[in-house]
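**Q** Quick one, what's the 3D model for this:
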Amino acid sequence: MTNAATDASTEKPGLGDLAEIFYSPSAVFARRTDGKFGMPYLALVVLGTAIFLGTKGLIAPVIDAEIARGMARAAAKNPAMTPEAQATATSIARTVGSFAAIALFVIGPFIIGLFTWLAGKVAQVREIGTVALLVATFSIYPRLLGSIVAAVLAAMLPEGATLSAASISLSPARFIDTAASPGLAGLLGRFDLFVLWGVFLIATGVKVAGKASPKQAWGTAIGVWTIPTLLAIVGLLRNG
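**A** A predicted model of the protein is given here:
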């Protein structure tokens with residue numbers, strides 16, 4: 001543990017941690033070895049919801065384009081699908097899409113926390129049960145910045161550009177035709193800057209708050225990243 005982290009451990013956790021997690025995560029985790037995640041979680045939900053509602057108008061065309069592609073694929077698989085059924089399905093997809101964007105911040109910490117706990121157990125991190133939810137919560141904080149960046153990129157897309165979730169991400173997926181290769185886009189999306197930043201925070205949190213070795217910490221973080229990545233590989237094999 002660094003001297004900065006050691007000094008930070010004598011300080012009390014506070015609202016400043018919400019900003020400090022972006023530039024001095026070791027110090028934040030050194031103050032939170034008790035694993036209490038309530039305040040960071042509540043702030044994540046509030047900030048994530050506020051950012052989504054504030055940027056919804058900018059990313060709406062991208063969401064609509066993704067839904068339209070999904071409906072086209074569904075219609076191709078089911079030629080008997082009526083226009084009325086497509087309209088109903090589109091309406092439901094828009095509603096689900098709105099909730100899904102917020103669900104990342106509401107439910108995400110618990111899902112990632114479970115993955116962190118499982119991967120930490122495999123890596124034999126002794127304190128993982130205490131800090132898994134805390135680490136998982138903070139690992140999603142980069143996605144707050146990612147949501148803002150996505151909205152900015154959506155606003156900057158030239159007229160006539162292909163609209164897709166990949167086109168407003170900072171991942172290699174933005175450089176391929178996602179309509180032609182949705183599976184590959186899903187896999188490349190796992191290399192998004194803000195996803196990888198979250199992996200780094202998991203490793204840092206497990207090492208500092210979980211009192212793990214660097215090998216255990218990175219083994220845990222890579223394990224958490226690998227689980228959804230394997231699902232993306234399955235999607236690639238199915239959809240191409």
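**Q** Could you point out the longest helix of the chain?
**A** helix 38-77 (DSSP state H).
**Q** buried stuff in the next helix or strand after it?
**A** Where DSSP states H and E defines the elements, the next helix or strand beyond helix 38-77 is helix 83-106. For helix 83-106, a neighbour-count test (16 or more other CB atoms under 10 Å) marks 86, 89, 93, 97, 101-102, 104-105 as buried. The C-beta positions use only the backbone N, C-alpha and C, and glycine is treated the same way.
**Q** One more: stretch 59-73?
**A** Using 16+ other CB under 10 Å as the test for burial, stretch 59-73 gives 59, 62-63, 65-67, 71.
**Q** Residue 155: which of those is nearest?
**A** Of all these, residue 155 sits closest to residue 59, with 9.1 Å by CB to CB.
**Q** what's the burial count for the nearest residue to that closest one once chain neighbours are set aside?
**A** Closest residue in space to residue 59, ignoring its immediate chain neighbours: residue 154 at 5.0 Å, by CB to CB, 6 or more residues apart in numbering. By other CB atoms under 10 Å, the residues close to residue 154 number 20.
**Q** OK, contacts around residue 154?
**A** 55, 58-59, 61-62, 168 (CB atoms under 8 Å, 6 or more residues apart in numbering).
**Q** isn't residue 157 right next to residue 174, touching?
**A** No - Residue 157 is beyond contact range of residue 174, at 10.6 Å (criterion: CB atoms under 8 Å).
**Q** which neighbours do those two share?
**A** Joint contacts of residue 157 and residue 174 (CB under 8 Å, 6+ apart) are 167-168.
**Q** Neighbour count: those two, which is higher?
**A** The neighbour comparison of residue 157 against residue 174 (other CB under 10 Å) goes to residue 174, with 18 against 15.
**Q** Out of the buried residues of stretch 59-73, which is nearest to residue 27?
**A** residue 59 (33.3 Å).
**Q** now the chain, which segments are flagged as low pLDDT?
**A** 1-10, 74-76, 81, 160-162, 239-240 (pLDDT under 70).
**Q** For it, just list every one of the helices.
**A** Under DSSP H, the chain gives helices at 3-8, 17-20, 25-31, 38-77, 83-106, 108-122, 128-139, 141-156, 182-188, 193-208, 214-239.
**Q** To residue 163, which of these lies closest?
**A** Closest among the helices of the chain, using CB to CB: helix 38-77, at 3.7 Å.
**Q** Packing partners of that closest one?
**A** helix 17-20, helix 83-106, helix 128-139, helix 141-156 (3 or more CB pairs under 8 Å, 6 or more residues apart in numbering; DSSP states H and E).
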